[in-house]
Each structure stands twice: as structure tokens, then as C-alpha cells.
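[1] Mind folding the following:
(4 chains)
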There are 2 protein chains.
Amino acid sequence: MGVTVIGVTQVESATRPLRADAQLNRDRILAAARDVFVERGAGVPLDEIARRAGTGIATLYRRFPDREALMRAVVLDALRRTGDEARRAAEEEDDPFEALVRYMHRTLEIRIGAVIPVLLEEISIEDDEMLQARTSGSDALQGIIDRAHKARTLRRDITFADIGLLIVRMSRPLPGTFTRDVNDALGHRHLDLAIAGLRADGTGPEKLGGPALTLRDLQKMSPSSRGKTPRKASRKK
Amino acid sequence: MGVTVIGVTQVESATRPLRADAQLNRDRILAAARDVFVERGAGVPLDEIARRAGTGIATLYRRFPDREALMRAVVLDALRRTGDEARRAAEEEDDPFEALVRYMHRTLEIRIGAVIPVLLEEISIEDDEMLQARTSGSDALQGIIDRAHKARTLRRDITFADIGLLIVRMSRPLPGTFTRDVNDALGHRHLDLAIAGLRADGTGPEKLGGPALTLRDLQKMSPSSRGKTPRKASRKK
DNA sequence: TTGATCTGGAGACGTTTCCTCCGGTTGCTC
DNA sequence: GAGCAACCGGAGGAAACGTCTCCAGATCAA
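    Residues are numbered from 1 along each chain as shown, chains lettered A, B, ... in the order given. Next comes the predicted model:
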């Protein structure tokens, strides 16, 4: 924990593989971008990402022609990892509630819940590539939720959106002078508190206010299904 | 709900009172600033705030000489309201746990947990005026917590920081196309889930990971006590 | 060893935001 | 209801900030 492992991300689709050093730089930039976007928002100067990655700005532009390409690569990477995590949790855990708990905690580490919110209003995630990564992941999660509902270990009125949004809430870095480690630890701590509320054992709040949004509801509200294209990726806007 | 009531905020300290229309504009700007800062970050163009408030940009500059003054006024306002809420909850509720629950839900509406994080790294809140508003509020909250601990209705290992940070987590607007109303409702909903974890009735997580930070710990980590002055309020940075 | 690939950073260019200035309007007092 | 101080809006000059290209030189791979 603390220092995030740099995952090797294969270079996109069918191009000649990068030279070893170039590939390493690409990965470094991607990792730096994820962290910097989370810490400073979608509008950070790209120089800062390059600096954090330990490369020159030109190298960044060589690999990612513009800000949007970089943001897309970051999101796609996070989506894929999260999907993997969901599938693995579903496979390896017998108790569906435990699978859910494990999934949530693992996902916190990927920081998807922190990075997506930041980038979401700058890019579209509605094209095929993104869509595939998304549905593959959310199907797996929905599967876990369904099984937990069947097993009566998950409150009936807890939906897909609750799980996803809870992860978002716990992922975002807190204000103040917390170190990265403390921040992460607090995320897990508070997630545990919220998980207590998810259990269907009669404890927890009698009745839950607020909308119980399903995966389908969530999709209905997504930009694509409202004909609204996301703001062009002007830096802050 | 939805539309936030514009609270009348007295003009600062000992100046001749503003003319009625000017005072109204000042309040409007303050309310708009709070919302816009929350939605778009500390770096929003000030024109946008003026537009949202329905005034000209010059009026904004006339009332708040620079961005920092505006941010400070917004924070001070939020701190004072939150403090009032804590004191009132402590007074009016017999059961300390219920006081805590009420305090948390009310505070969500003030949006302090959303606005402070955004502005915190741009301004200092260490001067006397801020400090007084802060301690007055946090003392009241700490009082509630102590009483709930004594009554054994609040988990022993839940601290001041947990309460405050949970509020922050639930206050921040979620990504996506939620309306303001849905967003608020989801905040309360998820807060209820987390509150389930706070109860000391043997349900909830066996043991809590992560650091249990007290109010004192929190203060120790604050910028002032580390000799570190906050970044100058350059817009984004 | 050699040439193809990759690198870094200076700086021209375009964009965004700040913040003042002033002619005109509005509230307040007598 | 007259007169004046207080207040308003918004255009636009000036400055700060980011983007993205270009090319001399370093590095890898065979």
C-alpha cells in the first residue's frame, strides 16, 4: 500500500510494440496521470503529469496525442482492472456477501471511484471499447449482488447504484494533510462502517430514504441516453 | 429542499451597514459562490459566480476585494452555521446518539463538508475569526460524542474525525447526471448506512481498521501546527 | 557498430481570467 | 418627491497560464 504498483498496460491494439524503454515510460505516465488527476482534478497542466512520471512533456504528447487520449487511457485501464476484480471475487468467494465486501475493498485500491468522477465530465465513455469494459464489469457485480439478495444476506433495498456510489464516496481523497497511506486506511475504515448498514440481519436503519437506483436506472441517466454529449474537454470549464 | 435558502449573513464587523439592495446582493453572491465552488471547484472564473448570483462582476469585486476574501466569507459562513447546528442538536435532543444523527443529517444540508475540502487548500483558516468559529463548533460536537460514548450507544472506537470525515464523504456531489435533489437524497441515504456502523450494539464490524483519529490528532495535522502555510490562492494550482 | 527509435525542454502562440473604470440607476433621508 | 450618496453592470486592456511543436542529442536493439 502507499506506493501504487505500476501495472503493465499493453499498448493499444495492433501497432508494432513499443521499444522497451518507451513502453516503460508509457506505463509511468499512465500511473502518474491517474494519481495526479485524482489529486488535482481533470484540469491539471499536463507538464505536471510528465514531471511526476519523470519524463519530458514531449514524451507524454508522443504517447497520448492530446489530453483526451490520456484521460481515456486512464479510465479504460481502471475499468478493466475493476472488472477483473469483480469476476475474481465472484469466482473465488463462496459467500456472496463476502464477495461483495472483498470487491469493494479491492476496488478502493484501484482508485476507480476517485478517478472516474473527475474525468467523467470531460470525456465520453460511450464508445464500444469503453462500453465493453463497463458492461463486462457491471454484469459481474450485478451477479454478485443478485446472489447476495437471494441468500438474504444483503438488504433488499440496496441496489447496484448504492454499491457503486458508496465506493466512489470512500475512494475520494479527503481534504487536509493526510498522507496517502492514512487516506487509504480511512477509506477502508469508513467503508467497513457503511458495510455494516448493508447487512440484512435486522440491525441497521429501519427504512432507507432516498432513491433506490438500479443498474438500469443508472444507465437511463447516463449522458448517452439523453442525447447529451459531454462537455468538450476544455481544461477546467 | 433543492433550492437552498439564502441565509442573511450580517456584513463583517464594524462597518456602516450596507444599503438594503447591496446587502441582498452580497448574500446572493455568497450563496452562489458556495454552490459554484462545490460544483466546479475553487478555480471557477468569478464571472460565473456573479452570473449565477444575478449580479455583475463588478459588484462581486466591490464586496469581496479578491477571490480569497470571497472564499473566506463562504467558509466562515458555513462554519458558523454548522456550529449553531451542533449546539442546537446538543440542547434539544435528549439521547446523545440521536443528537449525533440529527447533527450529521443537518450538516449535510449546509454543504460544509463539500465546500471546505474544495477551498481548504487555497486559503488559511487559522486566523482568530476562523479559529473561533471552528473551535466553538467542534467543542459542541465533541461534547455530543463524549456523551454518546458515556451512554454506550456510540462505538468506542469511533472518533471525532470519523464523524467529520463521514460527513465530508456524504456531502460531496456525486458524478453523473443526478439532479441536485437526487444527489442530496443519496447523501442522506448513504449516511444512514454508515450510521448503522456507528452503533455500539454488537452488530457492525467486529474491529475497525484504519487510524482512529481524535480531534486532537486532527489539530496536530493541521497546516498551522506544521509551520506550513497554505499555497497562495492561485486559482487552480 | 549503425540506424531506427526515442527523449527533453525552450518558446511561439492562443486562450482564459483578472480587475478597473465610468456612465447610468436606485435606495434613503429630509 | 428632490437630491445625493451609494450602488450597479459590463466592456476591455493587461497579464498569466497552458498547449504543443521542433530539433539536437541520447539510447536501444540487432
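[2] and the longest helix for chain A?
    Secondary structure of chain A read by DSSP state H shows that its longest helix is helix A:67-92.
[3] Just list the residues touching the most centrally placed residue in chain A, thanks.
    In chain A, the C-alpha nearest the mean C-alpha coordinate belongs to A:Ile112, at 1.7 Å (C-alpha atoms, centre = their mean). Contact analysis of A:Ile112 by C-beta atoms under 8 Å, 6 or more residues apart in numbering or on different chains lists A:78-79, A:81-82, A:167, A:171. Yep, even glycine has a C-beta here, placed from its N, CA and C like the rest.
[4] Please produce a markdown table containing those residues, extended by distance to B:Val101 and pLDDT.
    Shown next, in a markdown table, are the contacts of A:Ile112 (distance: C-beta to C-beta, whole Å; pLDDT from 0 to 100):
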| residue | distance to B:Val101 | pLDDT |
| --- | --- | --- |
| A:Ala78 | 35 | 94 |
| A:Leu79 | 36 | 95 |
| A:Arg81 | 37 | 94 |
| A:Thr82 | 33 | 96 |
| A:Ile167 | 24 | 96 |
| A:Ser171 | 25 | 96 |
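[5] Where do the helices of chain A begin and end?
    Using DSSP H, helices in chain A cover A:20-40, A:46-53, A:57-63, A:67-92, A:96-110, A:112-120, A:128-150, A:160-171, A:180-198, A:215-221.
[6] Return the distance of the helix or strand bottoming out on mean pLDDT in chain A from the chain's centre.
    Within chain A, no helix or strand scores below helix A:215-221, which has a mean of 71 by mean pLDDT, DSSP states H and E. Put simply, helix A:215-221 sits 17 Å off its chain's centre (C-alpha atoms, centre = their mean, to the nearest Å).
[7] In terms of secondary structure, what does it contact?
    Applying 3 or more C-beta pairs under 8 Å, 6 or more residues apart in numbering or on different chains; DSSP states H and E, one finds that helix A:215-221 contacts helix A:160-171.
[8] between the helix it packs on and helix A:128-150, how many degrees?
    110 degrees (axes from the mean of the first three to the mean of the last three C-alpha atoms, to 10 degrees).
[9] Restrict helix A:160-171 to CA atoms and write it as PDB.
    The C-alpha coordinates for helix A:160-171 follow below in PDB (Å, rounded to 0.1, in the frame of the first residue of the first chain):
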ATOM      1  CA  PHE A 160     -26.300  -1.600  -7.700                       C
ATOM      2  CA  ALA A 161     -26.000   2.200  -7.500                       C
ATOM      3  CA  ASP A 162     -25.700   2.100  -3.800                       C
ATOM      4  CA  ILE A 163     -22.700  -0.200  -4.000                       C
ATOM      5  CA  GLY A 164     -21.000   1.800  -6.800                       C
ATOM      6  CA  LEU A 165     -21.700   5.200  -5.300                       C
ATOM      7  CA  LEU A 166     -20.500   4.000  -1.900                       C
ATOM      8  CA  ILE A 167     -17.200   3.100  -3.500                       C
ATOM      9  CA  VAL A 168     -17.000   6.500  -5.100                       C
ATOM     10  CA  ARG A 169     -17.600   8.100  -1.700                       C
ATOM     11  CA  MET A 170     -14.900   6.100   0.000                       C
ATOM     12  CA  SER A 171     -12.400   6.500  -2.800                       C
END
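[10] Tell me what angle that helix forms with helix A:20-40.
    Using the same axes, to 10 degrees: helix A:160-171 against helix A:20-40 is 90 degrees.
[11] Are helix A:160-171 and chain B in contact anywhere?
    Yes: on the criterion C-beta under 8 Å from any C-beta of the partner chain, helix A:160-171 is in touch with chain B at A:162, A:165-166, A:168-170.
[12] Just to check, A:Ile125 is in contact with A:Ala78?
    No: when contacts are counted by C-beta atoms under 8 Å, A:Ile125 is not listed as touching A:Ala78 (10.7 Å).
[13] Taking chain A, what residue is nearest to DNA strand D?
    A:Ala20 (3.2 Å; C-beta to the nearest atom of the strand).
[14] which residues does that residue contact?
    Contacts of A:Ala20 by C-beta under 8 Å, 6+ apart: none found.
[15] Could you check how far it is from A:Ala50?
    Separation of A:Ala20 from A:Ala50 (C-beta to C-beta, to the nearest Å): 20 Å.
[16] do A:Ala185 as well
    Applying C-beta to C-beta to A:Ala185 and A:Ala50 gives a distance of 30 Å.
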